[in-house]
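Student: only geometry, no sequence info:
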């Protein structure tokens, strides 16, 4: 932990005691403490997803509204490179074995590849309409990309070439992998599809009672946590049956969800301008804290190796600049 704090070079914020009447009561420390804010100069409009190159301490930020991708040097606390000429970049992933950076573009349906060392182009693959979320299959280094009116593509980045695709009933949003199984949110169809990456076959099709299922994460037991925007609910679904194990109200317009395995809690980042911290125990979910961020700051990235949550704050209508907010989790 000391090394992480030295890495950012910023002391934790002090929490002052609050006085109520004649008694002084110690304020409850927030479960996420903002340590720093790194500006994203010249960035307007919506910011989408992020990825991390741990070896170089580089954070990649897809700036959909700008048509750019920024490379943020976390050690120096500044943007060190910008990739321009992108068409609505949405998903981004870093594959360490090949040292490749992959960017999915919603505007032209392409996935573009760059060397993560010097950011030179390393090819592109045209998928079709609305290339969106990108994940890495850590078993083999393949890319998984959701796109179009309903498909999940499996891509060999060395080609690059598409190896196979899994057909879906509508456009996929967030998806997560466990071994050969992949769980895929398909909100326009009101479904969660389970498929086998090796065979390319759909193995289950769940129809949860809540609507608009967007962000997804797996917990340490492999169960599927999903935020449903339609009712602003965080729900935990059984990995085998899809049955809802627990649910709780959460913030509005959520776009990213992460599980902190060390502290057994979830982080939900929402366009409402907050991050909700939700605990999990044998009794189900426990709302723990609501941390203020910035209006429209829907996307985030939790990096367990750094023990930090990065939140992308877009430029404000009153002139506030876009930035990356850095939060350090604390104990209960």
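Tutor: Happy to help now that I have it. Because the structure is predicted, anything quoted here is derived from the model rather than measured. Numbering: from 1, shown residues only.

Student: all helices in this structure, in order from the N-terminus.
Tutor: In the chain, the helices defined using DSSP state H lie at 2-8.

Student: point out where it drops to low pLDDT.
Tutor: Applying pLDDT under 70 to the chain flags residues 1-28, 317-318, 332.

Student: could you list the domains of it?
Tutor: For the chain, the structural domains run 29-43+212-332, 47-174, going by automatic domain parsing.

Student: export those to TSV and tack on distance to residue 181 and mean neighbour count?
Tutor: C-betas here are computed from N, CA, C, even on glycine. Formatted as TSV, the domains of the chain follow (distance: least, CB to CB, whole Å; neighbours: other CB atoms under 10 Å):
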stretch	distance to residue 181	mean neighbour count
domain 29-43+212-332	8	19
domain 47-174	11	19
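
Student: turn those into JSON lines, columns for distance to residue 193.
Tutor: Converted to JSON lines, these look like this (distance: least, CB to CB, whole Å):
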{"stretch": "domain 29-43+212-332", "distance to residue 193": "10"}
{"stretch": "domain 47-174", "distance to residue 193": "6"}
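
Student: for those, which one sits closest to residue 198?
Tutor: Nearest to residue 198 among the domains of the chain is domain 47-174; the distance by CB to CB comes to 9.4 Å.

Student: now the end-to-end length of the closest one.
Tutor: Across domain 47-174, the terminal residues are separated by 16 Å (CA to CA, to the nearest Å).

Student: off-centre distance for it?
Tutor: Its chain's C-alpha centre and that of domain 47-174 lie 13 Å apart, by CA atoms, centre = their mean, to the nearest Å.

Student: does residue 171 touch residue 150 like I think?
Tutor: Yes. Checked against CB atoms under 8 Å, the pair residue 171 and residue 150 is within contact range at 6.0 Å.

Student: so which of the domains of the chain is nearest residue 186?
Tutor: Short answer: domain 47-174, nearest of the domains of the chain by CB to CB, at 5.0 Å.

Student: before we move on, back to that, between the domains of the chain, which one is nearest to residue 197?
Tutor: Short answer: domain 47-174, nearest of the domains of the chain by CB to CB, at 6.4 Å.

Student: what residues are shared contacts of residue 171 and residue 150?
Tutor: Contact criterion CB atoms under 8 Å, 6 or more residues apart in numbering; residues shared by residue 171 and residue 150: residue 186.

Student: one step back: closest one to residue 202 among the domains of the chain?
Tutor: Going by CB to CB, the one of those nearest residue 202 is domain 47-174, 6.8 Å.

Student: so which of the domains of the chain gets nearest residue 183?
Tutor: Evaluated over these, closeness to residue 183 peaks at domain 29-43+212-332, with 5.1 Å, by CB to CB.

Student: centre of the chain to the closest one, how far?
Tutor: Distance, stretch centre to chain centre, for domain 29-43+212-332: 9 Å (CA atoms, centre = their mean).

Student: switch to numbering from 52
Tutor: Okay, residue one is now 52; in that scheme the one you just asked about reads as domain 80-94+263-383.

Student: quick one: residue 235 and residue 245 touch, right?
Tutor: Yes. At 7.5 Å, residue 235 counts as touching residue 245 under the criterion of CB under 8 Å.

Student: of the two, which one has the most company?
Tutor: The residue with more neighbours, out of residue 235 and residue 245, is residue 235; 25 against 18, by other CB atoms under 10 Å.

Student: from residue 341, how far out is the residue nearest to that one when sequence neighbours are not counted?
Tutor: Among residues not flanking residue 235 along the chain, residue 226 sits closest, at 4.1 Å (CB to CB, 6 or more residues apart in numbering). Distance, residue 226 to residue 341, by CB to CB, to the nearest Å: 27 Å.

Student: end to end, how far does stretch 124-136 reach?
Tutor: Terminal residues of stretch 124-136 are spaced 21 Å apart (CA to CA).

Student: I should have written stretch 264-282 there, sorry.
Tutor: End-to-end distance for stretch 264-282: 10 Å, by CA to CA.

Student: and if you look at stretch 341-360?
Tutor: 14 Å.

Student: repeat that for stretch 167-178.
Tutor: Start-to-end span of stretch 167-178 (CA to CA) is 22 Å.

Student: swap in stretch 134-148?
Tutor: End to end - CA to CA - stretch 134-148 spans 22 Å.

Student: quick check: closest non-adjacent residue to residue 272.
Tutor: Computed as CB to CB, 6+ apart, the closest residue to residue 272 that is not its neighbour in sequence is residue 290, at 7.4 Å.

Student: kindly report the same for residue 122.
Tutor: Closest residue in space to residue 122, ignoring its immediate chain neighbours: residue 132 at 4.0 Å, by CB to CB, 6+ apart.

Student: mind checking how far the one you found is from residue 182?
Tutor: Distance from residue 132 to residue 182, counting by CB to CB: 22 Å.

Student: could you double-check that residue 119 lies in contact with residue 94?
Tutor: Yes. Using CB under 8 Å, residue 119 is in contact with residue 94, at 7.3 Å.

Student: do I have it right that residue 223 meets residue 201?
Tutor: Yes. Using CB under 8 Å, residue 223 makes contact with residue 201 at a distance of 7.0 Å.

Student: shared neighbours of these two, anything?
Tutor: Here residue 223 and residue 201 share the contacting residues residue 237, scored by CB under 8 Å, 6+ apart.
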